[in-house]
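[1] missing the sequence, but the structure's below:
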């Protein structure tokens, strides 16, 4: 009984190895049978063709040149005929790809459905995709989709791709400005403004602060006097030049049910954008606007 129990334990411990060996052996048998059942070519220099391939060759005319070699290789592949790999590679190198055969307007329209990260990833696949993804019309369409149609007639100096990247960089900086206000971070505001005597800040109260030190003092007062503000930024529009950019937007404050029109002006120095001008005014709508106009 002890010997039988020991053999049983030994068999169970080696059971996974035995099963793997059996499966491997059966796979080898199946592979060998498939190999010996496959027809062998009697003449390597003149491979035989299937009747279906002969039918395709008889029905489809032969073309010389670079225009249709790729399509003929495709027909042979669909027909199931054995195709020489080197011939297919040569034909594809000499032929015209599908992307090159598309009308440029169709390519632009198709790529316009991609977002910014997808278009950047597509440009890194191969040279053909890089050429298509870097097309100026594609980036122009993407700019108008992501930002605004107001600058349809603008002709960027460095092309629409560079203009798109610059606009996105400015808008990211502008988002950081509002994050600093939410956090009421005076050190962040100090680093955000350009240290110059011509910078200006006009708060919604109408008070003007001119010069770097006065501007920072104004934000110090605002952060100490005001509680945390819950606001939403909408209708953001940016215009970017070589080293100057301005952003207009509307800010909705939930607590006071008030809308502010804001303008931020940035200058590019030392590889980054700095704020040089901020202007905030209260937007009066409906009867309030009419009363404001009547009162002068």
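    Yep, that arrived. Quantities reported herein were computed from a predicted structural model and do not represent experimental measurements.
[2] So what touches stretch 147-163?
    With contact meaning C-beta atoms under 8 Å, 6 or more residues apart in numbering, stretch 147-163 is reached by 134, 136-137, 139-140, 143-144, 167, 171, 237-240, 242. To be clear about C-beta, it is placed using only N, CA and C from the backbone, and glycine gets the same treatment.
[3] same thing but 10 Å
    Residues outside stretch 147-163 that contact it (C-beta atoms under 10 Å, 6 or more residues apart in numbering): 119-120, 123, 133-144, 164-168, 171, 235-242.
[4] Between the two ends of that stretch, how far is it?
    11 Å (C-alpha to C-alpha, to the nearest Å).
[5] tell me the mean pLDDT over that stretch?
    The average pLDDT for stretch 147-163 rounds to 82.
[6] Now it: buried residues?
    Neighbour-count burial for stretch 147-163, counted by 16 or more other C-beta atoms under 10 Å, picks out 147, 151, 156, 160, 161, 163.
[7] A strand includes the second one, no?
    Meaning residue 151. No. Assessed with DSSP: H, G, I helix; E, B strand; the rest coil, residue 151 is coil; it does not lie in a strand.
[8] coming back round to it: tell me the buried residues within the contacts of stretch 147-163.
    Using 16+ other C-beta under 10 Å, the buried ones in the contacts of stretch 147-163 are 119, 123, 133, 135, 138-143, 164, 166-168, 171, 236, 238, 240.
[9] out of the contacts of stretch 147-163, which are inside helices?
    Mapping the contacts of stretch 147-163 onto helices (DSSP state H) picks out 119-120, 133, 136-144, 164-168, 171.
[10] Where does the record place the domain boundaries for the protein?
    Domain ranges of the chain: 64-96, 101-146, 161-290, per automatic domain parsing.
[11] Any idea which of those has the lowest pLDDT on average?
    domain 64-96 (a mean of 47).
[12] And the strands in the stretch 101-250 of the chain?
    Listed in chain order, the strands of the stretch 101-250 of the chain (DSSP state E, counting those that start in this stretch) span 200-202, 208-210, 231-240, 244-253.
[13] need those strands in JSON lines with distance to residue 263, can you?
    Output for these, formatted as JSON lines (distance: least, C-beta to C-beta, whole Å):
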{"stretch": "strand 200-202", "distance to residue 263": "9"}
{"stretch": "strand 208-210", "distance to residue 263": "14"}
{"stretch": "strand 231-240", "distance to residue 263": "10"}
{"stretch": "strand 244-253", "distance to residue 263": "5"}
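[14] Most tightly packed of these?
    Highest mean neighbour count of the strands of the stretch 101-250 of the chain: strand 200-202, a mean of 19 (counted as mean count of other C-beta atoms under 10 Å).
[15] Who are the packing partners of that one?
    With contacts taken as 3 or more C-beta pairs under 10 Å, 6 or more residues apart in numbering; DSSP states H and E, strand 200-202 sits against strand 208-210, helix 212-225, strand 258-269, strand 272-283.
[16] Distance to residue 188 for the ones you listed - can I get that in TSV?
    Converted to TSV, the helices and strands packed on strand 200-202 look like this (distance: least, C-beta to C-beta, whole Å):
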stretch	distance to residue 188
strand 208-210	17
helix 212-225	10
strand 258-269	15
strand 272-283	11
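[17] out of the ones you listed, which comes closest to residue 183?
    Each of the helices and strands packed on strand 200-202 was scored for nearness to residue 183 using C-beta to C-beta, and the closest is helix 212-225 (9.5 Å).
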